[in-house]
Each structure stands twice: as structure tokens, then as C-alpha cells.
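*Asks:* any chance you could fold what I've pasted below:
(chains A and B)
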Amino acid sequence: MSTLKSLDPRINRLNIPAEFGTSFSKTEKDQFITYEVFVQPKVDKPYQHEGIVHAPSEEMAFLFAKEQFSRRGISCSGVWVINTSNVKVSPFTENQEDIYDYIHQEIIEEANLNDKVSYEVFHLMKRGKQHKHEGQLEARSYEEALWNAKNEYAGEKPVMNLWIAKAEDFLKIEGEDFADIWDTLPQKKYRDAIDYKATEKIKKFKAEQNS
Amino acid sequence: MYGGGQVFESSSVNNELLKDEDPIKLAEFEARIARGEKIEPSDWMPKLYRKQLIRMIEQHGHSEIIGALPEGTWITRAPGFKRKLALMAKVQDEVGHAQLLYGAAETLGKSREQMIEDLISGKSKYSNIFNYPTFTWADSCFISWLVDAGAIVNQLANARGSYGPYCRALDRICAEESFHLKYGHHCVIHLATGTPKQRKMMQEAVDRWWAPMMHFFGPSDKISTHTEILTKWKVKMATNDECRQQFLDMYVPKIWELGLTIPDDKLKKNDETGEWEFTEPDWEEFKRVINGDGPLNKERLAVRRTAEERGAWVRRALAKNSEDQEYTAPLA
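*Replies:* Take a look at the predicted model:
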């Protein structure tokens, strides 16, 4: 069987067959499930939703999230990941209405109550922007958490969309123990546009051409 | 890195998709876009909007993955430690961009497995320019500077579009691209102002890459009823010609100031119209390469497939304890 000939010596070493045909199929969940990723850029800033990673476990999700969402930039003080299925999502409101106006006391009257646990609450203030962490509160069910969130966090500015999840469902990498993970960020200047100055070189070149 | 060429096909299938939409919902959807609000994944959207967005975002994602190959090949041979570090970081960024884009397309309902399948089986397209080989280090410098520059023109336009998850991914991508552009320019300046041999190498790269660069933005797209609706829905934010003109306007002077020549004797700016004039690119070649017959189409897909197949056992091993987990599409 003939192998693929490439300009790239690494590809030649792979001994790839020259012909493959076009059929190719993947099995379901070959790429795993998704985790939502929240990043805290600085200690005094709220966690913000940044996107997803596909991973087989939350530990792997953290490793991918760290590479994907915190390798650039000047600083990072924490990353949270959570299985997408564990986040409860409210509907979006229209016309600057506040989602909290739709949460009434009835919501807790029929809810099944369990032991009190902590919930994390995220707000979206404008379409197109990211969800930001608003705070943590205790409740005996998601419904009660929503009701408590209304009492705690409803304010003058309308909230368009709410995400709520149990604190225990997150993997949180943050605080003193993990601070050194992001220590080297300021050393990676070669990833910044500012590290590539060339104006002087162009000026000198032009001057030489004209002389 | 993605130029936006050949994304939208106008066909009767698309008109068919549009025909049976609920007029009230469609009017609300269009009013939201006209107000400048973003569309989010849980919103109602026309089937045609969903289809074209998936197609565009997916092609963009594939272009990032395949685009990492012609540059990646130069990592081991980059001249010096600093260039090696920078090129590794750039290639990592490109692959990261694909992750962001695939994530945005997933919010519209297409699974990542399906996207990878469609890439490897040749059903989905990616930017045509990555089907050309990088013979020398200077070729990789051309890509880092000018192909990225072209991609930024297209991506900045699309970042003002209507779909929230795509715009958020693009904002992040554009921020990272500024390093690519400066790094690439730095590399080209170094060669163009260097020894006669370096200058010659850079000039030869410009000669090789100019035609694919002009193809990068896609064929001229005259306004049709089809592009009209995608423009109204803020899926398509600038025409292929507008992007090409903007690129020429920003970068031809920068190429010329380095004493490099561009292999097109008709290339000049018309002072009256403010438009650049150039030799019409060979669109027959463009079509031929898009349809699989370029210098490296086969190699690019073979490499991608090999990585996929030879990595499968790792994914299977990792998935052992997570097989019963339920997949939920990304939230935003």
C-alpha cells in the first residue's frame, strides 16, 4: 500500500495511507459531554461565563478550561467548571422586563424541600453579553433558591436571564492553594502584540532605500 | 483564520425553508435584529437562519483547525527559540479558536461529532487557502501576517452580527489575533529588510501566495434576494468584495513599503473611485480547489483523519466512566 508523500517530514514519518476514500463516522459522545466554564480575572471581580469545554470528567474539564480560557491575558484568580446539565436556566425576558418580576411566592409552595444547600446565582443583564456571578445563597430546592434570589438580588436594573446551580456541582479551582497556577501569565510576553515592535526597523529600511 | 468566501449558497431549498415560517414570529425576530439586539440560543429563529449560521460557523471552525497545519509544520524548523515559542502559541490559539467556534455552532443544534465527521468525509468546507503548501519559512510568515490580516477583516465584520454566541466567540478571537498580526508582520519585516537571500525568499512567498490570498475572500457577490435576507438578518455583515477591498487598502501599502512587489501589474488604487483595481482572480482554479482538487486537499484531510483515528483509543479510555452522562447543548 502506498503512503502519503508530504513536504512535512513529520507527516512522512506517520506512514499515512495515500488513499482513504470519503466515508468516516464517529460514535455518539466520542467528544464527551460539555462543561460550562466561568473565569475570575481578578480576586475582586465576579466570575464570568466564558464558554464550554468537552471533557470526560470535571477534572479534565478544568485542565481544558485552563488552557482554553486562561492562557492569555494578564491575570486569572480562579476557574469554575460545571456539567452543562446541572445548570438551571430561566426563560429570557422581553422589553427590559425583569425576570424576578415573574417569580412569585407560589413557586415555593408546591416545591419538594430537601436539606439546605448552597446555590450559585448568575445574572445576564444584556443580550449578547456574558452571564456574571451575582452571589451564593442557601435554599432547600431550586424553587426556593429562585425565591431567595429574588429577595436578595432583585434590584433597579432588570435581569434578562438567570442561571442557577448547586454550589456542590461545581469544581472550583481558586484561592491560595491554587494561586501559583497562573503565576507565569505575566512572563508570556511573546503572546502579546506589544512584544513585536518594528516601526524603527521599517523607518531605517526606508531611509536606506531612499539614500 | 477564515475569509468568508463561498459560504452561502442560494438555492431553491433555502427559499423552501423560508416559505412556511410563522409570519408573526418572523416579524418579531426581524424586529429584534433591527433594534440591534442579539439572538440567543433559546430564541425562536427561522430555519434558514439556523442553517446558514451553522454552515458559516462550522466552516470557520474547520478553517482554524486545518489552518493550523501549514503553520504547524514550521514549528520544529522555526529560526530561533523566540520564533518557535511564538509560533507554538499562535498555532495553539488557532486550535483554541476552533473550540470556541464549534461550541457556538453546537448551541444551534449540530453536534461536534457530526461536524468532525462532515469535515473528514469532505462534506463541509474550510478556507481554500490552506490547501496550498508552505515550502519555506517565508510562506509561514506570509500566512501569519497576511492571511491573518484577511481573516481579521472578515471576523471584525462578523463580530457585529446578530447571533450572540458567535459574536462572543469572535470578540475573543479578534483580541487574540492582534498578536498574530504583529508577530507575522515582525517576521516578514525581518526577512524583507534582511540579506539578499532572505529578501528573495520573502518575495517568492508573496509571489506564491498572492493568488490564493485574492481567492480568500471568495468570488464577487452581487446582491441577490438571497444575500439581501442574510444581510437583513445580520448573518452576512460585509460582501466578499468589500472585505477584499478593505484588505487591499490596509495591506498593499504595507507590503510595498518593504520593497516587495505584488505579482499583479494591474493592481492599483483608482483615485477617482477609491477602489482597488486588479487582475480578475482565476475563479475556475478557486472552484477546482474548493471541490477537492487543490495541491494539498487530500493531505490536509488525511492528516486530520489520522489524528482522529489514532487518538480514538485515548478518548475511549477516558470515556469509560462517563458513558451514561447525558449530553446537553451548550447554554450560551
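*Asks:* quick check: closest non-adjacent residue to the residue in chain A positioned nearest to chain B.
*Replies:* Relative to chain B, the nearest point of chain A is A:Gly128 (3.4 Å; CB to the nearest CB). Where you see a C-beta, it was placed from the backbone N, CA and C, and this is true even at glycine. Of all residues not flanking A:Gly128 in the chain, B:Lys38 sits nearest, at 3.4 Å (CB to CB, 6 or more residues apart in numbering or on different chains).
*Asks:* now the lowest-mean-pLDDT helix or strand in chain B: buried residues?
*Replies:* Ranked by mean pLDDT, DSSP states H and E, the weakest helix or strand in chain B is helix B:12-19, scoring a mean of 75. Applying a neighbour-count criterion of 16 or more other CB atoms under 10 Å in any protein chain shown, the buried positions in helix B:12-19 are B:Asn14, B:Leu17.
*Asks:* pull the distance from it to the chain's centre.
*Replies:* Put simply, helix B:12-19 sits 26 Å off its chain's centre (CA atoms, centre = their mean, to the nearest Å).
*Asks:* which residues sit against it?
*Replies:* For helix B:12-19, contacts defined as CB atoms under 8 Å, 6 or more residues apart in numbering or on different chains pick out B:Pro46, B:Lys47, B:Leu48, B:Lys51, B:Gln52, B:His226, B:Ile229.
*Asks:* buried only: go through the residues you listed for me.
*Replies:* Neighbour-count burial (16+ other CB under 10 Å) applied to those gives B:Pro46, B:Leu48, B:Gln52, B:His226, B:Ile229.
*Asks:* max pairwise distance over those: which two?
*Replies:* Put simply, by CB to CB the two of the buried ones among the contacts of helix B:12-19 set farthest apart are B:Pro46 and B:His226, 13.4 Å from each other.
*Asks:* which stretches in the stretch 101-250 of chain B count as helices?
*Replies:* Counting by DSSP state H, counting those that start in this stretch, the stretch 101-250 of chain B has helices at residues B:112-120, B:137-142, B:148-158, B:164-192, B:196-215, B:225-232, B:240-256.
*Asks:* hey, least reliable of those helices by pLDDT?
*Replies:* Sorting these by mean pLDDT places helix B:225-232 lowest, at a mean of 81.
*Asks:* that helix - contacts with which helices or strands?
*Replies:* On a contact count with 3 or more CB pairs under 8 Å, 6 or more residues apart in numbering or on different chains; DSSP states H and E, helix B:225-232 meets no helix or strand.
*Asks:* the residue lying closest to B:Thr306 once chain neighbours are set aside: how many residues sit nearby?
*Replies:* Using CB to CB, 6+ apart and skipping residues adjacent in sequence, the residue nearest B:Thr306 is A:Ile16, 5.1 Å away. Look at A:Ile16: counted by other CB atoms under 10 Å in any protein chain shown, it has 19 neighbours.
*Asks:* residues contacting A:Ile16?
*Replies:* Counting by CB under 8 Å, 6+ apart, the residues that A:Ile16 touches are A:Thr3, A:Leu4, B:Ala302, B:Val303, B:Thr306.
*Asks:* pretty sure the second one contacts A:Phe20?
*Replies:* No: the pair formed by A:Leu4 and A:Phe20 falls short of the contact definition of CB atoms under 8 Å, at 9.3 Å.
*Asks:* and for these two, which residues touch both?
*Replies:* B:Ala302.
*Asks:* how near is the closest residue to B:Gln203 other than its chain neighbours to chain A?
*Replies:* Nearest residue to B:Gln203, sequence neighbours excluded (CB to CB, 6+ apart): B:Leu260, at 5.8 Å. For B:Leu260, the distance to chain A (CB to the nearest CB, to the nearest Å) stands at 11 Å.
*Asks:* figure out which of the helices of the stretch 101-250 of chain B is closest to B:Trp313.
*Replies:* Evaluated over the helices of the stretch 101-250 of chain B, closeness to B:Trp313 peaks at helix B:112-120, with 16.5 Å, by CB to CB.
*Asks:* for the nearest residue in space to B:Arg199 that is not next to it in sequence, give me its contacts.
*Replies:* Computed as CB to CB, 6+ apart, the closest residue to B:Arg199 that is not its neighbour in sequence is B:Ala192, at 6.1 Å. B:Ala192 sits next to A:Phe205, B:Gln198, B:Arg199, B:Met202, B:Leu258, B:Gly259, B:Leu260 when contact means CB under 8 Å, 6+ apart.
*Asks:* what comes up buried for stretch A:187-206?
*Replies:* Buried-residue list, stretch A:187-206, by 16+ other CB under 10 Å: A:Tyr190, A:Arg191, A:Asp192, A:Ala193, A:Tyr196, A:Ala198, A:Ile202, A:Phe205.
*Asks:* now do stretch A:163-182
*Replies:* Of all the residues in stretch A:163-182, those buried under the rule 16+ other CB under 10 Å are A:Trp163, A:Ile164, A:Ala165, A:Lys166, A:Asp169, A:Phe170, A:Leu171, A:Lys172, A:Ile173, A:Glu174, A:Ile181, A:Trp182.
*Asks:* you'd agree A:Arg127 is up against A:Met160?
*Replies:* Yes: using CB under 8 Å, A:Arg127 is in contact with A:Met160, at 6.5 Å.
*Asks:* tell me, what's touching the two both at once?
*Replies:* Residues touching both A:Arg127 and A:Met160 (CB under 8 Å, 6+ apart): A:Phe92.
*Asks:* which of those two has more neighbours?
*Replies:* Higher neighbour count among A:Arg127 and A:Met160: A:Met160, with 22 against 17, using other CB under 10 Å.
*Asks:* where do the strands sit along chain A?
*Replies:* A:33-40, A:48-55, A:78-83, A:88-89, A:117-124, A:132-139, A:161-166, A:171-174 (DSSP state E).
*Asks:* using CSV, lay out the ones you listed together with mean pLDDT.
*Replies:* Shown next, in CSV, are the strands of chain A (pLDDT from 0 to 100):
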stretch, mean pLDDT
strand A:33-40, 97
strand A:48-55, 97
strand A:78-83, 98
strand A:88-89, 96
strand A:117-124, 98
strand A:132-139, 98
strand A:161-166, 97
strand A:171-174, 97
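*Asks:* can you tell me which of the ones you listed is nearest to B:Gly292?
*Replies:* strand A:48-55 (28.6 Å).
*Asks:* what angle separates that closest one from strand A:78-83?
*Replies:* Going by axes from the mean of the first three to the mean of the last three CA atoms, to 10 degrees, strand A:48-55 is angled at 50 degrees with respect to strand A:78-83.
*Asks:* angle of strand A:48-55 against strand A:117-124?
*Replies:* For strand A:48-55 against strand A:117-124, the angle by the same axes, to 10 degrees is 110 degrees.
*Asks:* and strand A:48-55, what does it pack onto?
*Replies:* Applying 3+ CB pairs under 8 Å, 6+ apart, we find strand A:48-55 packed against strand A:33-40, helix A:58-70, strand A:132-139, helix B:81-106, helix B:164-192.
*Asks:* tell me what angle that strand forms with strand A:161-166.
*Replies:* Here the directions of strand A:48-55 and strand A:161-166 differ by 60 degrees (the same axes, to 10 degrees).
*Asks:* who touches strand A:48-55?
*Replies:* Everything outside strand A:48-55 that qualifies as a contact, by CB under 8 Å, 6+ apart, is A:31-41, A:61, A:63-65, A:68-69, A:81, A:84, A:122, A:130-133, A:163, B:99-100, B:103, B:106, B:112, B:168-169, B:172, B:330-332.
*Asks:* let's see 7 Å
*Replies:* By CB atoms under 7 Å, 6 or more residues apart in numbering or on different chains, the residues outside strand A:48-55 that reach it are A:31-32, A:34-39, A:61, A:64-65, A:68-69, A:84, A:122, A:130-132, B:100, B:103, B:112, B:330, B:332.
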